[in-house]
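A.B. asks: show me the folded form of this:
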Amino acid sequence: MAAHDTPSVMWFRRDLRLGDNPALLDAVADGPVLPLFVLDPALWGPSGPARRAYLGASLRALDGSLRQRGTALSVVRGDPVRRVVLAAHEVGASRVHVAADFGPYGHRRDRAVEEALAEHGIELVRTGSPYAVAPGRVTNGSGEPYKVYTPFSRAWAEHGWRGPVDPPSGGSWLTLTKDTTDIPDPAVPAGMTLPVAGEAAALRQWADFLERVADYDDDRDRPDRDTTSRMSPHLRWGEIHPRTMLADLARLRSGGAATYRKELAWREFFADVLFARPETAREYLRPEYARMRYDDPDERLEAWQHGHTGFPVVDAGMRQLRAQGWMHNRVRMIVASFLVKDLHLEWQHGARHFMHWLVDGDLASNQQNWQWAAGSGVDAAPYFRVFNPTTQGRKFDPDGRYVRRWVPELAGVADPHEPSAEDRDAAGYPAPIVDHAAERREALDRWEQIR
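C.D. replies: Just a heads-up that it's a prediction; the model follows:
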């Protein structure tokens, strides 16, 4: 067969879109394409309810886009090493196209799939990635990965990236004829509201944010205002590529656009760090912090998880997490500092809880941000910087609107950031589970012991 007549497989993973998808364009250039998604038990099983529900909705949106082109998304369940080989065999494919995965598990999985395919004379072709600049591409003068964000971000910008590409305008398509799985439709947890999933929703959300991005620099730390982009779930599942976003931002000259571009650079930096140090998904990047004295998890961890610590802004954030599968970034920092430095628990407990509940749960960003909050990561905030939750609440939620929304029992009190004992009793809201000033001193004493 000529190359353009050869069937191929497009194995979707974290690129659930048709637009700006170089791997898909390469597949279409080969010939007839089988659009495939594998429900991998290693990833699907441990995912929390919000992420499972969102992924199901995103797959249905992708399937809808493909049906407009006269095909459908073939979904199979099981070990990707076996299922991708079987799918390629069924359609007579000589190549399987993917966007490269640089996560610890995804990198190992793809190598195993590549070896299994090669045994059958089938090639795994990697084109593009979920990043503007693939992890490992940007290195310092010694050829080593960057360990600090600022020089990385400069080198990242200097490296640059290609512009977005259009979706395929034509192509012919294949579907599996046997042993397929219906696209899952997991129930959204009771009381939880998730964002609309899919490529079209991502583009609408992005267009809406661009109209107000000029204010992002000033308002991004205000959880009481709807000023953030809410693009993290769409980026997590590749419903939009960061190159598309960077191309739009490049046409703007506001301080807000420049700040948002830096946030995208942070995402790419954390992916680069995890690729260079995959063990930091579970272990301390700065091992000396593993020697610090930590407490064993007890009922205080459960109080934190459910938003019953008695610190209003902490509780508001933890309740927002369970209600939306998302939390404002400033509040993420506050609740993380509280867990590590007020409750003296290791960061991994918080990271696991976040990964269970977050719709946008991304291993690189989640784990490295938690390490940053714990003082053990790259560009770590000095450990002695301990957030005072009450002060933080007053500063970034000055009118108390955020707390009143997510801790409704405090909606009617005069000061929702520091309610009186009488107001707490009347509202049925708990007293603080710790004395912040005392725990701050304790945290610093423990830090001194490992210096």
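
A.B. asks: only C-alpha atoms from now on, for both contacts and neighbour counts.
C.D. replies: Fine.

A.B. asks: what does the helix ranked longest in the chain rub up against?
C.D. replies: Criterion DSSP state H: the longest helix present in the chain is helix 255-276. Taking Cα atoms under 8 Å, 6 or more residues apart in numbering as the criterion, the residues outside helix 255-276 that touch it are 102-104, 131-136, 145-147, 149, 152-153, 156, 213-218, 242, 246, 249, 280-281, 364-365, 368.

A.B. asks: quick check: mean pLDDT across that helix?
C.D. replies: Looking at helix 255-276 alone, the average pLDDT works out to 98.

A.B. asks: could you do stretch 98-108 as well?
C.D. replies: Per-residue pLDDT values over stretch 98-108 give a mean of 97.

A.B. asks: with just CA atoms, put that stretch into PDB.
C.D. replies: Below are the C-alpha coordinates for stretch 98-108, written out as PDB (Å, rounded to 0.1, in the frame of the first residue of the first chain):
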ATOM      1  CA  VAL A  98      -0.100   9.500  20.000                       C
ATOM      2  CA  ALA A  99       0.900  12.700  21.700                       C
ATOM      3  CA  ALA A 100       3.900  11.900  23.900                       C
ATOM      4  CA  ASP A 101       3.200  11.300  27.600                       C
ATOM      5  CA  PHE A 102       5.900  12.500  29.900                       C
ATOM      6  CA  GLY A 103       4.300  11.500  33.200                       C
ATOM      7  CA  PRO A 104       6.000   8.700  35.200                       C
ATOM      8  CA  TYR A 105       3.300   6.100  34.500                       C
ATOM      9  CA  GLY A 106       2.500   7.300  31.000                       C
ATOM     10  CA  HIS A 107       6.100   7.200  30.000                       C
ATOM     11  CA  ARG A 108       6.500   3.600  31.200                       C
END
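
A.B. asks: in it, which residues are buried?
C.D. replies: Within stretch 98-108, the residues scored as buried using 16 or more other Cα atoms under 10 Å are Val98, Ala99, Ala100, Asp101, Phe102, Gly103, Pro104.

A.B. asks: keep only those of those that are in helices.
C.D. replies: With helices taken from DSSP H, the overlap with those comprises Pro104.

A.B. asks: ok, the buried residues of stretch 98-108 vs Arg17, which is closest?
C.D. replies: Ala99 (11.8 Å; Cα to Cα).

A.B. asks: which residue is nearest the middle of this protein?
C.D. replies: Closest to where the C-alpha atoms of the chain average out (Cα atoms, centre = their mean) is Asp362, at 2.9 Å.

A.B. asks: and it, what's its pLDDT?
C.D. replies: Per-residue pLDDT puts Asp362 at 96.

A.B. asks: which one is it nearest to, not counting chain neighbours?
C.D. replies: Excluding the flanking residues, the one nearest Asp362 by Cα to Cα, 6 or more residues apart in numbering is Arg236, at 6.2 Å.

A.B. asks: what's the average pLDDT for the lengthiest strand in the chain?
C.D. replies: Across the chain, the strand with the greatest residue count (assigned by DSSP state E) is strand 33-39. Averaged over strand 33-39, pLDDT sits at 98.

A.B. asks: contacting residues around it?
C.D. replies: In this structure, residues lying in contact with strand 33-39 by Cα under 8 Å, 6+ apart are 7-13, 27, 72-78, 80, 83-84, 91, 171-176.

A.B. asks: strands of this protein, start to end?
C.D. replies: With DSSP E as the criterion, the chain has strands spanning 8-12, 33-39, 74-77, 95-98, 123-126.

A.B. asks: count of residues packed around Asp179?
C.D. replies: Taking other Cα atoms under 10 Å as the criterion, the count of residues near Asp179 is 12.

A.B. asks: so what's it up against?
C.D. replies: Listed by Cα under 8 Å, 6+ apart, the contact set of Asp179 reads Val76.

A.B. asks: again with Arg77
C.D. replies: Arg77 makes contact with Val38, Leu39, Asp40, Pro41, Arg83, Thr180, Thr181 under the criterion Cα under 8 Å, 6+ apart.

A.B. asks: look up how far Pro184 lies from it.
C.D. replies: Using Cα to Cα, to the nearest Å, one obtains 10 Å as the distance from Arg77 to Pro184.

A.B. asks: circling back to that earlier point, closest one to Leu66 among the strands of the chain?
C.D. replies: In terms of Cα to Cα, the element of the strands of the chain nearest to Leu66 is strand 33-39, at 8.5 Å.
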